[in-house]
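Enquirer: The following block contains a protein sequence and its predicted model.
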Amino acid sequence: MWWKVLFLLFGVAGIIADVSARIDEQMPPWMDSVDDDYYNSLSYLSYFSDGISYRLPNTTVPISYDIWISTDIHRGEFGFDGEVTVRFECIETTPELILQYRAMTIDTVALFDENNSLIEEDVSWYQNETVEFLIITPSQQLIQGQEYLVNVKYNGSIRDDGLGIYSASYITPEGERRWLASTQFQATDARRAFPCYDEPLYRTRFNISIRHHSNYTALSNMNAVEVVPEPESDYVLTKFAETLKIQSYLVAFTVSDFISTDNLTAVPPQRVFGKSASIRNGEGEMALETSIRQMKIMEEYFGIDYRFPKMDHFACPNFSFVGMENSGLVLYDELFLLWDPVSDRTSDRDNVITLIAHELIHQWFGNLVSPVFWNYLWINEGFAALYEFYIPHMMYPEARYMDFFIIKYMHVALKNDGNLNIRAMTHYVENPDQIEALADGVAYDKAGSVLHMMQNALGHETWRRGLQYFLNARQDNYTNSAFLYAGIQLAVSEDIKNNTPDVHAIMSTWELQAGVPIVTVSRSGDVLNLQQTRFFYSNQSRASLWQIPINYVVRSNPNFNETTPDLWFAGKELEIRNGTAPKPWMPNDWIVVNVQQSGYYRVNYDTELWSLLIEQLNSPEYHLIHLLNRGQLIDDSFNIARSGRITPDIPLDVMNYLERETDHIPWDSAQRALFLYNRWLLGTPVYDEFQDYVLKNVAAMYNKLGVNVIENEPRLDRYARQIAINLACLHGSAQCLDDTAEQLENFFNLQKTLHPDVVAQIYCNGIRRSGADVVEKMQNLLLKAKRQIERDRIIAGLGCIEDPDILYEHLLMAIQPGELSSAERSNVLTLPLDNGIASLRALMNFIRSNYGGINLVSADLVSTLCSNIAIRISTKEMYDTFVKLLSHLKINGAISASKETKLQPYAKGILNWQEKHMEHVVLFFEKKTNVREPFSN
Ligand SMILES: *[C@@H]1O[C@H](CO)[C@@H](O)[C@H](O)[C@H]1NC(C)=O
Ligand SMILES: *[C@@H]1O[C@H](CO)[C@@H](O)[C@H](O)[C@H]1NC(C)=O
Ligand SMILES: *[C@@H]1O[C@H](CO)[C@@H](O)[C@H](O)[C@H]1NC(C)=O
Ligand SMILES: *[C@@H]1O[C@H](CO)[C@@H](O)[C@H](O)[C@H]1NC(C)=O
Ligand SMILES: *[C@@H]1O[C@H](CO)[C@@H](O)[C@H](O)[C@H]1NC(C)=O
Ligand SMILES: *[C@@H]1O[C@H](CO)[C@@H](O)[C@H](O)[C@H]1NC(C)=O
C-alpha cells in the first residue's frame with residue numbers, strides 16, 4: 001500500500017511537488033529534541049500497547065469464503081446488503097466461533113455441517129465492539145477436527161472516507177455526476193465489508209459475487225465467470241472465479257461505469273480502467289505498457305511467475321491512498337496512474353512508473369509471501385520501497401532512478417531516525433489504530449534504505465539469489481524476518497567463503513533497534529579512529545551498537561566504484577592502522593566513508609578531515625568525489641550541524657562548492673538545507689550576504705539550464721531546473737526574474753504555452769515582481785481552471801507575490817465570496833509563508849484585520865496560520881509584532897489562551913538558535929577566519 005500522507009511528506013515528487021519545498025521541513029529547526037507535535041502531525045499514534053488483546057484465538061481456521069454483496073451505488077445510495085458463508089475447520093474444541101467485524105448490522109447467523117446440512121438456523125451471537133469480535137455461540141460445542149459452514153446475513157454502509165467499501169464520484173464531460181464503489185481493506189478494514197478472519201496469517205480462497213445495476217461493471221481479484229441478469233429488474237449478478245489463497249486485506253472489488261485499455265495478449269493479460277474520457281484520451285497507455293514490462297522483469301528477477309490469471313489497474317478519483325496492491329486488481333488514485341503526455345509533468349510520469357513498480361513488487365512481497373503479523377509490515381513495504389526504484393533502474397539504466405532512491409528515501413529516513421521517539425522496524429502492536437500507524441516512514445523509507453544497504457554490502461547477485469531462495473521456501477505462506485534472513489544466508493554462504501557475514505546477526509541490529517548510527521571518523525597520523533553511536537538531533541545518548549558495513553575511499557586512490565564493505569564495524573570503537581588498512585592513505589589525503597552512500601548511517605569527521613574534504617570540493621577537481629557522496633556530504637554536514645556536533649559554518653563551507661555543481665542529486669540536498677538557512681537568517685544583518693552566497697552558487701546551474709525545457713535532455717535536469725529557477729528568483733537574481741516574467745507575459749499576451757515541467761516555477765517566479773494587472777490575469781486564470789492540479793499550481797504561484805499591498809489584496813480571495821473550495825482558501829493564506837519577510841508582515845496584518853473571515857473558512861485556521869508563522873520568526877522586531885498579534889487574537893476570541901501561551905516560546909525558536917550559532921555564520925560570511933570551534937563529538 002502507498003499512503004498519501006507519506007507520499008505527500010516523503011514520497012517521490014507528487015502532486016504537490018511544486019510546493020514541496022514549502023512544506024517539506026515541518027520539523028522545527030531549532031528544537032533540542034524534535035518535539036512531539038511533529039510526530040503527532042504525522043499521525044504517529046502511541047507506539048505502546050493498550051494491554052488489550054485484539055488477536056483471534058487459534059481454535060478455528062478458515063478454509064474458504066462465499067461473499068455476496070448488493071449495491072445501489074449507481075443511484076448514489078450508501079447502504080449495502082451482504083451475505084457471507086465461511087467454511088472453517090475447528091482446531092480445538094470450543095464453545096464459540098469468533099470472527100472480526102466493524103460497524104455493520106448483523107441480521108442472522110446460521111450454522112451448517114461440512115456437507116452443507118443445517119445444524120442450527122438461528123444461532124445466537126454477541127458483539128464486542130472494543131475488540132471488534134463477532135462471537136457466535138452455537139448451542140453445541142464445535143468439535144476439534146470437524147469442518148463447518150457459518151452463514152451471516154448483514155448490512156453495512158458504503159463510506160466516504162476511503163476505508164472498507166467506499167464511494168467516489170466524478171463529473172462526466174456532459175456535466176453529469178457518476179458514482180462508483182471501490183474497496184480499501186489494508187490493514188483492518190475488510191471486516192467492514194464482511195465478517196472474517198481479518199489477520200494476515202490467514203490465507204483463504206474467496207468466491208465473490210456482486211449484485212449491481214446492469215449499466216455498471218464489477219471487477220474483483222479474479223475474472224468474472226458469469227454475469228447473470230436478474231429477472232424483471234435492471235440488476236445483474238457478477239460472479240467471479242474463486243481466488244487463489246489470499247489474505248482478507250487483499251480482497252478487492254469495484255462497481256463502476258469505467259472503461260479500460262487492454263493488452264489481452266500479454267501474459268498475464270492486463271487492463272487499465274478509468275473514466276471513459278481519460279481512457280479515450282490515451283491516459284492509460286503509459287501505465288499499461290509500463291506494467292507489462294515491469295511484470296516481465298520481476299518474474300525473471302525473482303524466478304517465480306505471477307500467479308493470478310490477470311492484472312487490472314483501476315484509477316479511482318479521490319482514492320484515499322496512493323495505491324493498493326490487491327492481488328489481480330490494483331487500485332490507484334487516478335492522479336498517480338493516468339498520464340497525459342501533453343499536460344502532465346516528468347514527475348507525474350515518474351510517479352506512475354515507480355508506483356506501479358511498488359504495487360507489482362507487492363505481488364511477491366506481501367501477497368505471495370505475507371507477514372505473519374503486522375509487526376513485519378516493513379518486509380512488505382521495505383522491499384516495495386527499494387524496488388519501486390530498482391525496477392525502473394533496470395528498465396532505464398541511464399535515467400538514474402537509484403540515485404533518486406537515495407534522496408527520496410534514504411535522506412528522509414535518516415532525518416526521521418534522528419527522532420528520540422522513533423520506533424524500531426519490527427514493532428508489535430495489536431490495536432487496529434496502532435496497526436495503521438505502523439505504515440510510517442520506518443516501514444517504507446528506513447526499511448527500504450536498510451535493505452538497499454544489505455543489497456550493496458552482500459553484492460547484487462548474491463542478494464537476488466538469496467531472495468529467490470526465500471521466496472521459494474515461503475511462497476503461499478507467512479513469513480517473519482528469520483525466514484527472510486535464512487534465505488539470504490543460503491546465498492551468502494555459497495558466495496562468500498571467508499569471513500562469511502551472519503545475516504541474522506547483522507540484520508537484527510538494524511531490525512530490532514530504533515534509530516540510526518553516526519560514525520565519527522578522526523585521524524591521527526597513521527591511525528584512523530572510528531566510533532559509532534546513535535544519532536540524535538539532541539544531546540541524548542543511548543547504548544546501541546550496529547553491525548555497520550564500512551567502506552571508504554582516500555584521495556590517493558579515488559575509486560568510488562565498489563560498494564562492498566572493507567570491513568564490518570560492530571563495536572563502539574575501531575582503530576585502523578595505515579600499515580594494515582584495506583586502503584592505505586597518504587598524510588594529506590581526505591577520506592570519504594560510506595561509498596556512494598550505500599550504507600544506512602551518517603558520517604562525521606574531525607576538523608582536519610572536514611577541511612580536506614571542503615578543500616577538494618571547492619576545487620575544479622570536485623568531481624573526484626562521487627556525486628552521491630557530494631550529496632551525502634551536504635546532507636550529513638547540515639544535519640550533523642543541526643544536532644550541534646559541528647558548527648553551522650561547516651555545511652555552508654561544504655555547499656560553497658555548488659558554484660560548480662549542476663547535477664540534481666547534490667542540489668536536492670542543498671535546497672533543503674538552504675531553505676532552512678533562509679528561514680533562520682531572514683531579516684538578519686547577514687541576510688544580504690546569504691542571498692549573494694546562494695546566487696553565486698546557483699548561477700552556473702541556472703545558466704546551464706535556463707527556463708526553457710529542452711527536448712530529450714536528461715530526466716534529472718528537469719528537476720534540477722526547477723530548483724535553479726526557484727532558488728535564483730527567490731534570492732533576487734535579476735536574470736531569473738526577467739526570464740520568468742517574460743515567459744509569463746508571453747503566456748498571457750501571446751498565448752505561448754508553458755511546458756508542464758516549468759509551469760509552476762513560471763507562475764510563481766514570473767509573478768514575484770509583476771504588477772497588479774498580471775496578478776489579476778492569474779486570478780482570472782484560476783477562476784476558469786478546472787483541473788485541481790492546475791488550480792493548485794495557480795494558487796501556489798499567486799503566493800509568490802512580493803509587493804505587500806498587492807499580496808494583501810490577493811489574500812482577500814480567501815475570505816470573499818467566490819468559487820474557491822475551503823482547501824483552496826487556506827492555501828491562498830498559507831502559500832505566502834516562505835516568501836520573505838514582507839510577505840510574512842502582510843500576512844500578519846491580514847490576519848489581524850480578518851480573523852473572523854479566516855476562521856469561517858475552516859475552524860481554527862487562524863490558529864494553524866499562527867503556528868506556521870511562529871516557526872518563521874527570525875528577528876526581534878517580528879517577534880514583537882507576532883506577540884502583539886497573538887494577544888489581539890486572543891482578546892477577540894480568534895485563538896485560545898492556551899494556544900497563545902504555547903506559541904510564544906515557539907516563536908522564540910529561531911532567535912534562540914541565532915543566539916547560540918549566529919556567531920559562526922557571521923564569521924563565515926565575513927570570511928574573517930578559518931578557525932572553527934574545536935570538534936566535539
Ligand atoms: C495463533 O497462531 C499464530 C501463529 O503461530 C501466533 O502468531 C498467534 O500469536 C496465535 N494467536 C493466539 C491468540 O495465540
Ligand atoms: C471485550 O473484550 C475485551 C478484551 O477481551 C474485554 O476486556 C472487555 O471486557 C470486553 N467487553 C465486553 C463488553 O464484553
Ligand atoms: C443505463 O444506460 C442506458 C443506456 O445508455 C440509459 O438510457 C439509462 O438511463 C441508464 N440507466 C441508469 C440507471 O443509469
Ligand atoms: C501486448 O503485450 C505484448 C507482450 O508484451 C506485446 O508484444 C504486444 O505488442 C502488446 N500489444 C499491444 C497492442 O500493445
Ligand atoms: C507454512 O509454514 C509453516 C512453517 O514453516 C509450515 O509448518 C507449514 O506447513 C506451511 N504451510 C504450508 C501450507 O505450506
Ligand atoms: C568506475 O566505474 C565507471 C563507470 O562504470 C568507469 O567509467 C570507471 O572507469 C570506473 N573506475 C575505476 C577506477 O574502476
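Expert: Okay, I see it. Ligands and ions are numbered 1, 2, ... in the order given.
Enquirer: Excluding covalently adjacent residues, which one is nearest to the residue in the stretch 451-600 of the chain that ligand 1 sits nearest to?
Expert: Evaluated by C-beta to the nearest ligand atom, the stretch 451-600 of the chain has Y478 as its residue closest to ligand 1, separated by 7.7 Å. Every residue, glycine included, has its C-beta placed from N, CA and C. Nearest non-adjacent residue to Y478, counting by C-beta to C-beta, 6 or more residues apart in numbering: V372, 4.2 Å away.
Enquirer: That neighbour reaches R474, doesn't it?
Expert: No. The pair V372 / R474 is not scored as a contact, 10.2 Å apart, by C-beta atoms under 8 Å.
Enquirer: what domains does the record give for the protein?
Expert: 2-43+364-511, 60-257, 521-625 (automatic domain parsing).
Enquirer: out of those domains, deepest packed?
Expert: Comparing those by mean neighbour count (mean count of other C-beta atoms under 10 Å), domain 2-43+364-511 comes out on top with a mean of 20.
Enquirer: Any residue of it touching ligand 2?
Expert: No. Remark: domain 2-43+364-511 sits outside contact range of ligand 2, by C-beta under 6 Å from any ligand atom, the gap being at least 10.5 Å.
Enquirer: So what would you say the end-to-end distance of that domain is?
Expert: Taking C-alpha to C-alpha, to the nearest Å, domain 2-43+364-511 runs 21 Å from one end to the other.
Enquirer: for it, what is the average pLDDT?
Expert: In this model, domain 2-43+364-511 has an average pLDDT of 83.
Enquirer: before we move on, what about stretch 840-858?
Expert: 96.
Enquirer: got the CA positions of it in PDB?
Expert: Extracted C-alpha coordinates of stretch 840-858, given in PDB (Å, rounded to 0.1, in the frame of the first residue of the first chain):
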ATOM      1  CA  LEU A 840       5.100  37.500   6.400                       C
ATOM      2  CA  ARG A 841       4.300  41.000   7.600                       C
ATOM      3  CA  ALA A 842       1.500  41.400   5.100                       C
ATOM      4  CA  LEU A 843       0.100  38.100   6.200                       C
ATOM      5  CA  MET A 844       0.200  39.100   9.900                       C
ATOM      6  CA  ASN A 845      -1.600  42.400   9.000                       C
ATOM      7  CA  PHE A 846      -4.200  40.500   7.100                       C
ATOM      8  CA  ILE A 847      -4.800  38.100  10.000                       C
ATOM      9  CA  ARG A 848      -5.100  41.000  12.400                       C
ATOM     10  CA  SER A 849      -7.900  42.600  10.400                       C
ATOM     11  CA  ASN A 850      -9.700  39.500   9.100                       C
ATOM     12  CA  TYR A 851      -9.500  36.800  11.700                       C
ATOM     13  CA  GLY A 852     -13.300  36.400  11.700                       C
ATOM     14  CA  GLY A 853     -13.500  35.700   8.000                       C
ATOM     15  CA  ILE A 854     -10.500  33.400   8.200                       C
ATOM     16  CA  ASN A 855     -12.000  31.200  10.900                       C
ATOM     17  CA  LEU A 856     -15.100  30.900   8.700                       C
ATOM     18  CA  VAL A 857     -13.000  29.200   6.000                       C
ATOM     19  CA  SER A 858     -12.300  26.500   8.500                       C
END
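Enquirer: Show me what counts as buried in it.
Expert: 840-847, 850-851, 853-855, 857 (16 or more other C-beta atoms under 10 Å).
Enquirer: now, which of those lie within helices?
Expert: Among these, the subset assigned to helices under DSSP state H consists of 840-847, 850-851, 853-855, 857.
Enquirer: Now do the helices in the stretch 1-150 of the chain.
Expert: Ranges of helices in the stretch 1-150 of the chain, per DSSP state H, counting those that start in this stretch, are 4-10, 20-23, 36-41.
Enquirer: same deal with the stretch 251-400 of the chain?
Expert: 276-280, 285-302, 346-361, 377-395.
Enquirer: so V592 makes contact with I625?
Expert: Yes. Using C-beta under 8 Å, V592 is in contact with I625, at 6.1 Å.
Enquirer: Overlap in contacts, those two.
Expert: 560, 613, 633 (C-beta atoms under 8 Å, 6 or more residues apart in numbering).
Enquirer: of all the residues you listed, which comes closest to ligand 2?
Expert: Among the shared contacts of V592 and I625, and counting by C-beta to the nearest ligand atom, the member closest to ligand 2 is L633, at 52.8 Å.
Enquirer: how many neighbours does Q735 have?
Expert: Q735 sits with 15 neighbouring residues when counted by other C-beta atoms under 10 Å.
Enquirer: Tell me which residues touch the residue nearest to A447 when sequence neighbours are not counted, please.
Expert: Leaving aside its chain neighbours, A447 sits nearest to G382 (2.7 Å; criterion: C-beta to C-beta, 6+ apart). For G382, the contact set (C-beta under 8 Å, 6+ apart) comprises 425, 443-444, 446-448, 450-451.
Enquirer: Can you tell me which of these is nearest G274?
Expert: Within these, the smallest distance to G274 is 26.1 Å, found for Y444 (C-beta to C-beta).
Enquirer: Flag every residue of this protein that's near ligand 4.
Expert: Residues of the chain that fall close to ligand 4, judged by C-beta under 6 Å from any ligand atom: 263, 265-266, 292.
Enquirer: which of these are buried?
Expert: 263, 266, 292.
Enquirer: who touches D107 in this structure?
Expert: 153-155.
Enquirer: Farthest pair within the residues of the chain next to ligand 4?
Expert: T265 and I292 (9.9 Å).
Enquirer: is it possible to export the buried residues of stretch 840-858 to a markdown table including distance to ligand 2?
Expert: Converted to a markdown table, these look like this (distance: C-beta to the nearest ligand atom, whole Å):
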| residue | distance to ligand 2 |
| --- | --- |
| L840 | 51 |
| R841 | 56 |
| A842 | 55 |
| L843 | 50 |
| M844 | 51 |
| N845 | 55 |
| F846 | 52 |
| I847 | 48 |
| N850 | 50 |
| Y851 | 46 |
| G853 | 47 |
| I854 | 44 |
| N855 | 40 |
| V857 | 42 |
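Enquirer: any chance of the residues you listed in a markdown table, with distance to V707 too?
Expert: Formatted as a markdown table, these follow (distance: C-beta to C-beta, whole Å):
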| residue | distance to V707 |
| --- | --- |
| L840 | 27 |
| R841 | 29 |
| A842 | 27 |
| L843 | 28 |
| M844 | 32 |
| N845 | 33 |
| F846 | 31 |
| I847 | 34 |
| N850 | 35 |
| Y851 | 39 |
| G853 | 37 |
| I854 | 35 |
| N855 | 39 |
| V857 | 34 |
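Enquirer: Y677 belongs to a helix, doesn't it?
Expert: Yes. Assignment of Y677 by DSSP: H, G, I helix; E, B strand; the rest coil places it within a helix.
Enquirer: Closest one to D805 out of the shared contacts of V592 and I625, please.
Expert: Among the shared contacts of V592 and I625, and counting by C-beta to C-beta, the member closest to D805 is L633, at 43.3 Å.
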